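Visitor: Let's see this in three dimensions:
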Amino acid sequence: MTTLAKYIFFTVVLLSSTAYGPSLRTAAAQELVDLLVERRHRAVAANFISRNGALPGRSPDLLPVSTKLKSGKSPIMNPVRQGSTFDLFKVRRIPKLGREWFLSNFPIQDWAFLGSNDLAPVDTTHTWRLRGMLEASYGTPTQTLTDFGYWRDLQPEQFIQFEYWFVLNNQIPFIVLDTNGPFERGVVVATDKQHIDDIMAIRNALFEPLLSTGDMKPYIDYYYDEEFDAWYKTGYDGSDLFVRPIRTSEIGNTRPVLSQN
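Guide: I've put the predicted structure just below:
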């Protein structure tokens, strides 16, 4: 097994994101979407923990509480948009054949794991667009579904669309992966727990130049829809997103190839 999951366990700091299906319009449908997203995120968190263990629980910290009640209306607070305060001067993408090197050079025990819940541009951009931007700037992913080799033995909630592994500033391991396919927004990121306080700033610094240009490159991945037990080829064809249903038998042990037709 070459995936990170065999060697490390994550400190899960999993925050909810919003899903946007292609034909969901009503309030009731949106509530269903929100429920499915929450279930997916809980499944992802449980998956990492079940395979790799979890950190021991901590008692809640006691916070100071005022002994006086203050009347009057509370001021309306606008959401704070987290800007990048991280000085990112070097980005090294790890290729598929570099996974063993990455794991041996970063034998990290505790990882911090962050989803999408903010109003930063990376959180509000569709995942399929972010995937195309990553392709344009850094090339193909470090790992996709078929790179596991044993993917048919995985549980449905373990199917990933893509993973990009990076070494930032020569010393910070950083992982970017999809949240749950092309219709989501944002990405999930992971780094060494020692950088947990900076994880959002690091993520924003990595994506800010990509989002500023918006450049995308065509790509294709496999995608599994757990709710409908359906497989797809999905990607960007140079003009728009595509999602094409396929049979399981059509999935080989190599990455799909984007047709030129």
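
Visitor: Burial check on Thr125, number of neighbours?
Guide: As a burial measure, the neighbour count of Thr125 was computed by other Cβ atoms under 10 Å and equals 19. Every residue, glycine included, has its C-beta placed from N, CA and C.

Visitor: Thr124 now?
Guide: 14.

Visitor: what residues are up against Arg92?
Guide: With contact set as Cβ atoms under 8 Å, 6 or more residues apart in numbering, Arg92 has these partners: 166-168, 170.

Visitor: By neighbour count, which of the residues you listed wins?
Guide: Neighbours were tallied for each of the contacts of Arg92 (criterion: other Cβ under 10 Å), and the maximum of 21 neighbours falls on Phe166.

Visitor: mind checking how far that one is from Ser239?
Guide: 28 Å (Cβ to Cβ, to the nearest Å).

Visitor: likewise Pro256?
Guide: Taken as Cβ to Cβ, the spacing of Pro256 relative to Ser239 amounts to 19 Å.

Visitor: for Asp225, same thing?
Guide: Using Cβ to Cβ, Asp225 is found at 23 Å from Ser239.

Visitor: For these two, indicate the residue with more neighbours.
Guide: Using other Cβ under 10 Å, the more surrounded residue of Asp225 and Ser239 is Asp225, with 18 against 8.

Visitor: Can you give me the pLDDT of that one?
Guide: At Asp225 the predicted local distance difference test score is 91.

Visitor: Next up, the contacts around the nearest residue to Arg244 once chain neighbours are set aside.
Guide: Nearest residue to Arg244 in three dimensions, chain neighbours excluded: Lys233, at 4.8 Å (Cβ to Cβ, 6 or more residues apart in numbering). For Lys233, the contact set (Cβ under 8 Å, 6+ apart) comprises 220-223, 242-244, 246, 256.

Visitor: Doesn't Lys233 belong to a helix?
Guide: No: in this structure, Lys233 is strand, not part of a helix, as judged by DSSP: H, G, I helix; E, B strand; the rest coil.

Visitor: what are the bridge partners for it, then?
Guide: Going by DSSP bridges, Lys233 is paired in beta bridges with Tyr222, Arg244.

Visitor: hmm, which of the contacts of Lys233 are the buried ones?
Guide: Applying 16 or more other Cβ atoms under 10 Å to the contacts of Lys233, the neighbour count classes 220-223, 242-243, 256 as buried.

Visitor: ok, those vs Thr142, which is closest?
Guide: Of all these, the one sitting nearest Thr142 is Asp221; the distance, using Cβ to Cβ, is 12.9 Å.

Visitor: check contacts around that closest one.
Guide: 131, 141, 144-145, 161-162, 233-235, 255-256.

Visitor: any idea how far Gln161 is from Asp221?
Guide: The spacing between Asp221 and Gln161, counted by Cβ to Cβ, is 5 Å.

Visitor: what touches both of the two?
Guide: Taking Cβ under 8 Å, 6+ apart as the criterion, Asp221 and Gln161 both touch 131, 144-145, 234.

Visitor: farthest-separated two in those?
Guide: Spatially, the most separated pair among the shared contacts of Asp221 and Gln161 is Arg131 and Leu145, at 13.5 Å (Cβ to Cβ).

Visitor: who has more neighbours, those two?
Guide: For Arg131 versus Leu145, the count of surrounding residues by other Cβ under 10 Å is larger for Arg131: 26 against 21.

Visitor: Kindly list the main-chain dihedrals of the more buried one?
Guide: Here the main-chain torsion angles of Arg131 (degrees, to the nearest 10) amount to phi -60, psi -40.
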